[in-house]
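Got a predicted model here, sequence first, then my questions.
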Amino acid sequence: MFPRAKLYRGLIVFCFCLLACGAVSGQSPTPGIQPLTAMPSVVQVPPEAQPSPNFNPETATNAYLAQIPAAARARSDAYFEGGYWMILWDFLYGAIVLLLLLNLGWSAAMRTGAERVTRFKPVHTIVYWAQYLLLTSILGFPLSVYEDYFREHKYGLATQTFGPWMGDQLKGLAVNLVLGGILAMLLFGIVRKLQRTWWIWASVVTLCFMIVVVLIAPVYIVPIFNKVTRLDDPKVTQPILSLARANGISAHDVFEIDASRQSTRMSANVSGFGNTMRITLNDNLLRRGSPEEIQAVMGHEMGHYVLHHIYKDILFFGVVIVIFFALLHWALDWSLHRWGEKWKIRGIGDTAVLPLVVLLASIFGFVATPIMNTHSRTTEGEADMYGLNASRQPDGFAQGAIHLGEYRKMNPGPVEEFIFYDHPSGRNRIYAAMRWKAENLPLMRWQASREGEPRPALADKK
Ligand SMILES: [Zn+2]
């Protein structure tokens, strides 16, 4: 939903991590047309997954997975496994760009240029940041246009033509110019004033900055890219608000976002906190999800809220940020001692040091990928459990997991899942739903008996 953080957004990448918590995503081709490689939109409850005395979660999970056409699975595996390589290429390409900036003296030249504009130091930082952002965006463009435009189109996940896509990139650049400029100004101010303890105060300021961005994003940043409207169809909102009330969530409105402007992925999220907390469904989910699936997704999102995941994320990122700045403090001294003169960097308070800071941040981020993913995957698993108990829609969950499987490999190995997955894999999500169903068989059979015969299929999509 939010354009992916790229290398040139290094300093503010942390802030957007929290925004990227989409729940269930998938791909919907042109309405009415189902290419062979797409996942089935309305998933039948397979006979093996019907409530019966012989119900077995493993067999039910395999029966669900067997509904995925081989071509669809091959395509999503290829897309997702290609993503592993993209992490490496992004890292290496970014490192080369940053090393060029340092070794060719471009960073020092931008600093000297900024000093000619004014004697006022905070303005130096802003002018340097604008030059840095522009230059790294241009140098990084070949990879970002491949990764975010051509590759997304190749797998049928993108809906934008080149013009509007480029428009969104420029908007993203403007947001980064303002937010990144403010953060850079604050951090360099701290480094210049507090030479010995700067890394502690920089951690505090970065964390506070992140919290502010998360707070204002739903109201001030998301609308720059998408239109968010209040949903007023009671057929959709009433079951969601009823589920919210039953779980002690005082939401009065449900919002819809026109994510189909950029992408075919389904998603929903709970964003903001305190008074800015809101539940948002994207239009792809509303158009393609069955009522059971929407309830399952909403139960998951409510889980994030009730389990205080936003506050836990802030705590987690707080720890990560302190560790990062402590390592940065040490690594900057070490590298400047060796190469500072060659790169014409006068010290850590010199804005010309920025490419080195971003390079060290990207090494840190690259190494920390499995830890960040494991944190995210763990909270997503918790939200799944909460969502199953709240919505009581294990088959809706299975359908959601299959939709998500359109761009995520369904059945990875355990090491692969540990390193690369920020949500539990589709197979594990279906298995968790079927295990829940096995433990709640009397309830499921009672529900089925109330509807007459056991449900042959999930309700038709709207
Ligand atoms: Zn989630």
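Now that the structure is in, tell me what you want to look at.

What residues of the longest helix anywhere in the chain count as buried?
Under DSSP state H, the helix in the chain containing the largest number of residues is helix 354-391. Neighbour counts over helix 354-391 (16 or more other CB atoms under 10 Å) mark 354-362, 365, 372-373, 375-377, 379-388, 390-391 as buried. No exception for glycine: its C-beta is placed from N, CA and C like everyone else's.

One more: stretch 169-176?
By neighbour count on 16+ other CB under 10 Å, the buried set for stretch 169-176 is 169, 172-173, 175-176.

Please apply the same query to stretch 223-241.
Using 16+ other CB under 10 Å as the burial criterion, the residues of stretch 223-241 that qualify are 225-226, 228, 231, 236-237, 240-241.

and it, how far apart are its ends?
Terminal residues of stretch 223-241 lie 23 Å apart, using CA to CA, to the nearest Å.

what packs against the strand or helix carrying residue 134?
Secondary structure assignment for residue 134, by DSSP states H and E: helix 121-145. Helix 121-145 makes packing contacts with helix 70-103, helix 106-117, helix 162-193, helix 354-391 when contacts are defined by 3 or more CB pairs under 8 Å, 6 or more residues apart in numbering; DSSP states H and E.

Does anything pack onto the first one? Which helices or strands?
Same thing as helix 70-103. helix 121-145, helix 354-391, helix 414-420.

Try it again at 7 Å.
Contacts defined by 3 or more CB pairs under 7 Å, 6 or more residues apart in numbering; DSSP states H and E place helix 70-103 against helix 121-145, helix 354-391.

Could you measure from residue 64 over to residue 434?
Using CB to CB, to the nearest Å, one gets 8 Å for the distance from residue 64 to residue 434.

what is in contact with these two at once?
Residues touching both residue 64 and residue 434 (CB atoms under 7 Å, 6 or more residues apart in numbering) are residue 49.

Make a markdown table out of the helices and strands packed on helix 121-145 and add distance to residue 421 and mean pLDDT.
A markdown table is the format used below for the helices and strands packed on helix 121-145 (distance: least, CB to CB, whole Å; pLDDT from 0 to 100):
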| stretch | distance to residue 421 | mean pLDDT |
| --- | --- | --- |
| helix 70-103 | 9 | 95 |
| helix 106-117 | 36 | 94 |
| helix 162-193 | 26 | 96 |
| helix 354-391 | 5 | 97 |
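
so which of those helices gets nearest the ion?
The ion lies closest to helix 354-391 among the helices and strands packed on helix 121-145, at 4.8 Å (CB to the ion).

now the helix or strand following that closest one, how far from the chain's geometric center?
Using DSSP H and E, the helix or strand that follows helix 354-391 in sequence is helix 394-404. The gap between where helix 394-404 is centred and where its chain is centred comes out at 19 Å by CA atoms, centre = their mean, to the nearest Å.

So for helix 394-404, mean pLDDT?
Across helix 394-404, the average pLDDT comes to 93.

does that helix come close to the ion?
No. Remark: helix 394-404 sits outside contact range of the ion, by CB under 5 Å from the ion, the gap being at least 10.8 Å.

Start the count at 31 instead of 1 going forward.
With 31 as the first residue, the last one maps to helix 424-434.

interface residues of the stretch 331-480 of the chain facing the ion?
So the stretch 331-480 of the chain meets the ion at 410, 413 (CB under 5 Å from the ion).

if we go to 6 Å?
Residues of the stretch 331-480 of the chain lying near the ion by CB under 6 Å from the ion: 334, 410, 413.

cool, and the stretch 81-230 of the chain?
Counting by CB under 6 Å from the ion, no residue of the stretch 81-230 of the chain is near the ion.

hang on, residue 413 packs against residue 333?
Yes. Under the criterion of CB atoms under 7 Å, residue 413 makes contact with residue 333 at 3.6 Å.

Same list (the helices and strands packed on helix 151-175) but as JSON lines, adding distance to residue 471.
Output for the helices and strands packed on helix 151-175, formatted as JSON lines (distance: least, CB to CB, whole Å):
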{"stretch": "helix 100-133", "distance to residue 471": "29"}
{"stretch": "helix 136-147", "distance to residue 471": "64"}
{"stretch": "helix 192-223", "distance to residue 471": "48"}
{"stretch": "helix 384-421", "distance to residue 471": "14"}
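
For the stretch 231-380 of the chain, give me the ranges with low pLDDT.
For the stretch 231-380 of the chain, the stretches flagged by pLDDT under 70 are 302-306.
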